[in-house]
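1. A structural model of the following input is requested.
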Amino acid sequence: MADANRERLISFVLPAVDEAESIAELVPEICATADASSLTIEVILVDDGSRDATWSRIAEAARADPRVRGIRFRRNFGKAAALMAGFRAAVGEIVFTLDADLQDDPKEIPRFLAKIDEGYDSVSGWKRRRHDPWHKVFPSRAFNLLVSAITGLRLHDHNCGFKCHRAAVLEEIHVYGELHRFVPVLAHARGFSVAELEVHHRPRVHGQSKYGVKRFVKGFLDLLTVKFLTGYGQRPLHLLGTVGLLAFGIGGLGLAWLAGFWIVQRFAEQPQSIGNRPLLLYSLGAVLLGAQFLSIGFLAELLTAHGMRDEDAYSIVEETGVMREKDNPNP
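-> Predicted structure coming up:
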C-alpha cells in the first residue's frame, strides 16, 4: 500500500476565509500525516477574499514546503468558486477537500484512501459527533434527511466538507453557486460510486463559523436546483411540460364544463350567467399557467440542445478493444 501511495499524487484543496491562525497549524498536520503514510501530495490553499493574515500564512507555508501552493482571490467569491479554482489547479489522481478551520482531522486521510481503494469513486465524511451549537446541528440533520429523500443518495452528512474524490469525478462535475455540498449527489447521478465514512470532528479553536441561518435557505433552493439538474437537466420539457399539460388540462375541463352549462342555460326560463363564477377565473388562470409552463419548457429545450455537449449525456468508465478511426469524408 505504501508503494502505491508513493506512485500516485494526492491533491488537497482547502478554501479559506479569515483562517490565518488555523492554516498555520493545519498545513503541518496534513504534511505530517502524508509523511507518516508515505503519500506524495500537493496542498492547494485558496484564499477567498480574507481580510486577515491568511494570505501571508499561505505564502509562508509555500516558501517552507514546495508541496504547498496558494491561490488568492481579489474578493470573496464563495466556497464553490474557491473549490473550482482548486480543482482546476489540482493535478492529483485523488483530490481531498477539507475546511481550513481545523475541525477536519487530517489523521483520517489514510482511512479515506483505504475506502477509495475498495473501488469507490467518491467518499464523503460523516461527522456523527459534531462539536457545533445545537441550533446548527438539528437543522443540519433535518436538511440531510431531506436531501437523502429527494436525491436518493442516502448519506448521513451531505454538508461535511471533508471529502475525497477520484479526479475523474471532478472532471465531469461543474460546481457553482452553493452546489459544492452536493458533489456526491452530482457524482451519484453520473453513475459514480459513492461511500460515506464516519470521521472525527474537532471543536473550532480559532475564528468564527462562516455559516448562519441563510445557509439553510440557500441550501434548500440549491437542493431544488440539484434535483432539477440531475433529473431533468437534459430534458427540461419533461418536467415543465408535464406541469403545463396538467394545468392546461384542468383549465380546459373547467372551461368545457362552463361552456356546456352556458349552452344549457340558454334554453332555461331564468338563465344564469357564468361571468361571475369563480370557476371561470380559475380555469382561465390554469390555462394561462399551462401555456406559460409549456412555453418555458420549449425554450429550455432549445437552450439545452444548443449548449449541451455530447459527453454531458453519458459517463464512460472504461473501453476495450481496438478503436478504429472514423473515415474522413473530405480527405
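
2. list the contacts of stretch 221-241.
-> 146-147, 150-151, 177-179, 181-182, 185-186, 189, 293-294, 296-298, 300-301, 304, 308, 312-313 (CB atoms under 8 Å, 6 or more residues apart in numbering). Where C-beta positions appear, they are placed from N, C-alpha and C, glycine not excepted.

3. domain boundaries for the chain, per the record?
-> The record, using automatic domain parsing to delimit domains, assigns the chain the ranges 2-232, 236-311.

4. picking up where we left off before, could you tell me which of the contacts of stretch 221-241 belong to helices?
-> 146-147, 150-151, 185-186, 189, 293-294, 296-298, 300-301, 304 (DSSP state H).

5. lowest pLDDT pick from those residues?
-> Among the ones in helices among the contacts of stretch 221-241, T304 has the lowest pLDDT, at 70.

6. that one and F298, how far apart?
-> Note on T304: its distance to F298, by CB to CB, to the nearest Å, is 11 Å.

7. tell me which residue of the chain is furthest from the middle?
-> The centre of the chain is farthest from one residue, E269, which by CA atoms, centre = their mean lies 65.2 Å away.

8. backbone phi and psi for that one, please?
-> Phi and psi for E269, reported as degrees, to the nearest 10, are phi -70, psi -40.

9. give the helix, strand or coil label for L246.
-> Following DSSP: H, G, I helix; E, B strand; the rest coil, L246 is assigned to helix.

10. find the nearest non-adjacent residue to it, please.
-> The shortest distance from L246 to any non-neighbouring residue, by CB to CB, 6 or more residues apart in numbering, is to G290 (7.3 Å).

11. correct me, but E198 touches V123?
-> No - E198 lies out of contact with V123 (CB atoms under 8 Å); the separation is 11.1 Å.

12. pick out whichever of these two has more residues nearby.
-> Using other CB atoms under 10 Å as the criterion, E198 and V123 rank with V123 on top: 26 against 14.

13. okay, and that one sits in which element?
-> Using DSSP states H and E, V123 maps to strand 122-126.

14. so what strands line up beside that strand?
-> strand 163-166 (antiparallel), strand 194-198 (parallel) (DSSP bridges).

15. starting at the chain centroid, how far to that strand?
-> Here the centre of strand 122-126 is set off from its chain's centre by 13 Å, with CA atoms, centre = their mean, to the nearest Å.

16. just the CA trace of it, in PDB.
-> Taking Å, rounded to 0.1, in the frame of the first residue of the first chain, the C-alpha atoms of strand 122-126 are listed here in PDB:
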ATOM      1  CA  SER A 122     -16.200   9.500  -4.000                       C
ATOM      2  CA  VAL A 123     -16.100   9.200  -0.200                       C
ATOM      3  CA  SER A 124     -18.000  11.700   1.900                       C
ATOM      4  CA  GLY A 125     -17.200  12.300   5.600                       C
ATOM      5  CA  TRP A 126     -19.900  11.900   8.300                       C
END
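
17. just the residues contacting that strand, thanks.
-> 104, 108, 112, 115-116, 155-158, 160-166, 169, 183-184, 187-188, 192-199.

18. repeat that for stretch 102-118.
-> Outside stretch 102-118, the residues within contact range by CB under 8 Å, 6+ apart are 1, 4-5, 10, 22, 25-26, 29-30, 32-34, 37, 39, 94, 96, 98, 123, 125, 131, 161-162, 164, 166, 195, 197, 199-206.
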